[in-house]
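S.K.: Have a look at this prediction, sequence included:
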Amino acid sequence: MTDIRYDNRVAVITGAGGGLGKTYALELARRGAKIVVNDLGGKADGTGAGTSMADLVVNEIKAAGGQAVANYDSVSTPEGGEAVIKSAVDAFGGVDVVINNAGILRDKTFVKLTPEELAIVLDVHLRGAFYVSQPAFRVMKDKGYGRLLFTSSAAGIFGNFGQSNYGAAKMGLVGLMHVLAVEGAKYNIRCNAIAPTARTRMTEELLGPMAPLLDPESVTPLVVYLCSERCELTHEIFSVGGGRFARIFVGLTAGWMAEKGSKVSAEDVEAHVERIRDPEGYTIPTSITDELRILSKALRR
Ligand code: NAI
């Protein structure tokens, strides 16, 4: 098996000044990629800013013989997103890989959540991924090559107490990934999402006794594979952490089709609810067209 290499590839990693993003930056650089280390340099709740987090990672990459530049813009504005991608184009002439990783937390139960706590979390995670990925997508489309990765979370995909803002943003990223996978297909732009579990400043108090087993470096190999030339996968979601790698998917059950021409009542739905929910024989549609094809087949029976 030959090594997966990133020679002549330019990778932008948002929030790469620490935690998971830093591990991606170091490993992609080690494999030959030119890296834009973006980080706002603030605290885990999104307050503050500084240059030292991104600078330290850039220095570490350079000390190991790699190539990297720092970018300190916040991903949470359209101007910031443009500036992140401009750093890549100015320093290295383009962008091949974007890892949307920057993130913050403002956990609060739903009844107590303020509009500000909703706005800042949506701005960094969800809008931030739009603002960085859109200018990158334009470059990738012209080149006919791109790899976009989105960082989702089990908190949104499966649900978690006190994270309505974060969970909604993280599931929104799955929707964005699905659409960009469809739009990017003909330009060789592959889009995937991960839901990681790792010990970082964001989670160190939440993971309890599992924390020592959840090194951020155990997430890195999947990210390196998904963003590589060798990986043709697109439109997929993976759960990753502590050495376990698994796929998460949005499936459609075979369901229940009412008798042709019959008028279905709420009671009919109730009577068939187990069949409607039964996962046996599910499919994984790859687009709305795919689901419409399944429905159209059922209608023609
Ligand atoms: P972290 O706090 O170490 O890393 C996040 C980085 O994003 C920080 O370096 C921070 O300075 C940067 N950042 C924050 N706001 C920014 C902005 N507006 N612009 C640019 N950079 C900004 O936390 P961690 O755990 O490494 O998180 C990375 C990603 O993984 C996040 O999106 C997080 O939501 C996600 N995630 C992490 C999980 C875990 O178990 N650690 C679980 C599920 C998702």
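M.R.: Great, that's in hand. Numbering: from 1, shown residues only.
S.K.: Give me the helices and strands touching the helix or strand hosting K141, please.
M.R.: Using DSSP states H and E, K141 maps to helix 128-143. Secondary-structure packing of helix 128-143 (3 or more Cβ pairs under 8 Å, 6 or more residues apart in numbering; DSSP states H and E): helix 78-92, strand 97-100, strand 146-151, helix 164-184, strand 189-196. Backbone N, C-alpha and C define where each C-beta goes, glycine included.
S.K.: Please work out the angle formed by the directions of that helix and helix 78-92.
M.R.: Relative orientation of helix 128-143 versus helix 78-92 (axes from the mean of the first three to the mean of the last three Cα atoms, to 10 degrees): 40 degrees.
S.K.: For helix 128-143, what is the distance to the chain centroid?
M.R.: 14 Å (Cα atoms, centre = their mean, to the nearest Å).
S.K.: Residue numbers of the stretch 201-301 of the chain in contact with the ligand?
M.R.: With Cβ under 6 Å from any ligand atom as the criterion, the stretch 201-301 of the chain meets the ligand at residues R201, M202, T203.
S.K.: Repeat the analysis, applying 8 Å as the threshold.
M.R.: Residues of the stretch 201-301 of the chain found near the ligand (Cβ under 8 Å from any ligand atom) are R201, M202, T203, L206, L207, L214, P216, G241.
S.K.: May I ask which of these has the most neighbours?
M.R.: Among these, G241 has the most neighbours (other Cβ atoms under 10 Å), with 23 neighbours.
S.K.: Okay, and the beta partners of that one?
M.R.: R244 (DSSP bridges).
S.K.: So which residues of this structure form helices?
M.R.: Along the chain, the stretches classed as helices by DSSP state H are 19-30, 52-63, 78-92, 115-121, 128-143, 154-157, 164-184, 220-226, 266-271, 273-277, 288-299.
S.K.: G241: what's it in contact with?
M.R.: P196, T197, A198, L214, S218, V219 (Cβ atoms under 8 Å, 6 or more residues apart in numbering).
S.K.: Please apply the same query to Q163.
M.R.: With Cβ under 8 Å, 6+ apart, Q163 has these contacts: L105, D107, A155, G156.
S.K.: circling back: need the residues of the stretch 201-301 of the chain next to the ligand in CSV with distance to K34 and pLDDT, can you?
M.R.: As requested, these are exported to CSV (distance: Cβ to Cβ, whole Å; pLDDT from 0 to 100):
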residue, distance to K34, pLDDT
R201, 27, 94
M202, 27, 94
T203, 30, 93
L206, 34, 87
L207, 33, 91
L214, 30, 97
P216, 22, 98
G241, 28, 98
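S.K.: Could I get the residues you listed in a markdown table, plus columns for distance to P279?
M.R.: Listed next are those as a markdown table, based on distance: Cβ to Cβ, whole Å:
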| residue | distance to P279 |
| --- | --- |
| R201 | 37 |
| M202 | 32 |
| T203 | 30 |
| L206 | 30 |
| L207 | 30 |
| L214 | 29 |
| P216 | 33 |
| G241 | 24 |
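S.K.: Domains in the chain, by residue range?
M.R.: Listed domain ranges for the chain are 10-248, 251-301 (source: automatic domain parsing).
S.K.: Switch those over to JSON lines; also include distance to D3.
M.R.: Formatted as JSON lines, these follow (distance: least, Cβ to Cβ, whole Å):
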{"stretch": "domain 10-248", "distance to D3": "7"}
{"stretch": "domain 251-301", "distance to D3": "31"}
